[in-house]
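Chemist: Sequence and predicted structure are below.
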Amino acid sequence: MNDTSTTFNRLRPRLKGIAYRMLGSTAEAEEVVQDAWLRWHEDAPSGLDSAEAWLVTVTTRIAIDRLRAAKVQRVHYVGTWLPEPLVSESPVTPEQLLERADDVSVAFLSLLERLAPEARAAYLMREVFDADYSELARTLGKTEAACRQLVHRAKTQLREERPRYVVPRDTHLRLLRSFADASSRGDFAVLKSMLHEDAELIGDGGGKVPSFGRPLVGGQRIAQLYLATSLRVGGGLRVDLAVINGHWGLLRFIDGVLESAQSFETDGERIVRIHVQRNPDKLASLAASLQA
């Protein structure tokens, strides 16, 4: 393997991390990285001071262009748009756990949808990837002052909506184990007791499967929904724990087929919000990996 390929492969995880956080899709993120790879081979000038800076700039600009196009398409998206889930059995190292937690959570990526493409890029590069403002200016083709304004406005826009609770990982896992058990058994009383009275369920069916066009609000209503699924499916229901976008969540199977990936926010005692990805297009890659 030549030095060019070695350098790119070393930086690939960082580039894909940027692209996924920008687009919320693993397939689109991979396409962005492939485009960056082609430009790296065809257009990269010789004698670069920093290959990483060049590749980050190219990847970010490609992702911004793709997000602009996606924003137009998402105007016509049926229902609520949620990101494609990233699932692993467990983060391998403490470093991975830190990298893949809040800055890649479903709740956070959903909030980022409210930002314009350049603002999203500026916020991610500064707040998640710790870029300085001179690097941001080079990447976005703006002045440092303009980049500071972009980041400031993005932080202000997101501040009130970021998840408010810092819950120990073990506590979150214990709650989900109990919820998964109650969900599998159709235990309405336990389900209701574990849900905050003002809990929200936000679903993405993409117009492909039934889902809610707006959040379902109320712990009792959400508990009734889980009970209805249990009664309808009976013994064909299976609920597994999995790390979804850096946090423990649930994978729900019906008759052996992946039906949804569910991400949870809790206050340490009860569940306050559930994001449910049911769009089969966004579950296809995950379903295939689970069968491999």
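Modeler: In hand now; what should we look at? Residues are numbered from 1 along each chain as shown.
Chemist: how about the CA coordinates for stretch 128-135, as PDB?
Modeler: Extracted in PDB, the C-alpha atoms of stretch 128-135 (Å, rounded to 0.1, in the frame of the first residue of the first chain):
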ATOM      1  CA  VAL A 128     -17.400  17.900  18.200                       C
ATOM      2  CA  PHE A 129     -14.100  17.800  16.300                       C
ATOM      3  CA  ASP A 130     -12.400  20.700  18.100                       C
ATOM      4  CA  ALA A 131     -11.300  22.600  15.000                       C
ATOM      5  CA  ASP A 132     -10.000  26.100  15.500                       C
ATOM      6  CA  TYR A 133     -11.600  29.000  13.800                       C
ATOM      7  CA  SER A 134      -8.800  29.400  11.300                       C
ATOM      8  CA  GLU A 135      -9.400  25.800  10.100                       C
END
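Chemist: Buried by neighbour count: which residues of that stretch qualify?
Modeler: Val128, Ala131, Tyr133, Glu135 (16 or more other Cβ atoms under 10 Å). Glycine gets a C-beta too; all of them are placed from N, C-alpha and C.
Chemist: Over to stretch 176-188?
Modeler: Leu176, Phe179, Ala180, Ala182, Ser183, Ser184, Gly186, Asp187, Phe188.
Chemist: Lowest-confidence member of the buried residues of stretch 128-135, which is it?
Modeler: Minimum pLDDT for the buried residues of stretch 128-135 is recorded at Val128 (88).
Chemist: Contact partners for that residue?
Modeler: For Val128, the contacting residues are Arg21, Asp103, by Cβ atoms under 8 Å, 6 or more residues apart in numbering.
Chemist: switch to 6 Å and redo it
Modeler: Residues in contact with Val128 (Cβ atoms under 6 Å, 6 or more residues apart in numbering) are Asp103.
Chemist: Need the phi and psi values for it.
Modeler: phi -100, psi -40 (degrees, to the nearest 10).
Chemist: which residues of the chain score low on pLDDT?
Modeler: 1-2, 47, 89-102, 162-164, 292 (pLDDT under 70).
Chemist: Show me the two of the buried residues of stretch 128-135 that sit farthest apart.
Modeler: Taking Cβ to Cβ as the measure, these span a maximum distance of 14.9 Å, between Val128 and Tyr133.
Chemist: Format the buried residues of stretch 128-135 as a markdown table; extra columns: secondary structure and distance to Arg14.
Modeler: Formatted as a markdown table, the buried residues of stretch 128-135 follow (DSSP: H, G, I helix; E, B strand; the rest coil; distance: Cβ to Cβ, whole Å):
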| residue | secondary structure | distance to Arg14 |
| --- | --- | --- |
| Val128 | helix | 11 |
| Ala131 | coil | 11 |
| Tyr133 | helix | 19 |
| Glu135 | helix | 13 |
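Chemist: which of those lies closest to Ala107?
Modeler: So of the buried residues of stretch 128-135, ranked by how close each gets to Ala107 (Cβ to Cβ), first place is Val128, at 14.5 Å.
Chemist: just the helices in the stretch 151-292 of the chain please.
Modeler: Secondary structure of the stretch 151-292 of the chain (DSSP state H, counting those that start in this stretch): helices located at 169-185, 188-194, 219-233, 280-291.
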